[in-house]
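A.B. asks: Quick one: sequence plus predicted model below, questions after.
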Amino acid sequence: MIHTLIDFVNDHLQMIYILLLAVFIGLEVIKNIPAVLHTPLMSGANALSGVVIVGAILVMLHADPNNYLALGLGFIAVVLGIVNVVGGFAVTHRMLQMFSKKKI
């Protein structure tokens, strides 16, 4: 098991470096975004999570029915994507309510 993991890392080392670099760049970009832009960016993140959900469902459809790892990871991706979309819409809705006129 550990030998196959080491072989996988050795075979895909450049892709792992690119992934780590993208994570660090993404964190720096997100950290420096002003609060005013949060709502429009949250809407974009919701759309991106919707694409992740569709992609995970498509991958699960093409996975071998006996490959429980692929099906389990696909299920987790769908659930986390749905949680992200629902949470994003809830946060966006609450932020937009802050700017609406209050009824007395």
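C.D. replies: That came in fine, so what should we check first? These numbers were taken from a predicted model, which means no experiment stands behind them.

A.B. asks: which other helices and strands contact whichever strand or helix holds Ile30?
C.D. replies: According to DSSP states H and E, Ile30 maps onto helix 13-31. If contacts are counted by 3 or more CB pairs under 8 Å, 6 or more residues apart in numbering; DSSP states H and E, helix 13-31 sits against no helix or strand. Backbone N, C-alpha and C define where each C-beta goes, glycine included.

A.B. asks: starting at the chain centroid, how far to whichever helix or strand comes after it?
C.D. replies: Downstream of helix 13-31, the next assigned helix or strand under DSSP H and E is helix 38-62. Mean-position distance between helix 38-62 and its chain equals 7 Å (CA atoms, centre = their mean, to the nearest Å).

A.B. asks: quick one, the helix or strand following helix 38-62 and helix 38-62 angle?
C.D. replies: For helix 38-62, the following helix or strand on the C-terminal side (DSSP H and E) is helix 68-98. Helix 68-98 runs at 160 degrees relative to helix 38-62, counting by axes from the mean of the first three to the mean of the last three CA atoms, to 10 degrees.

A.B. asks: What is the least confident helix or strand in this protein?
C.D. replies: helix 38-62 (a mean of 80; mean pLDDT, DSSP states H and E).
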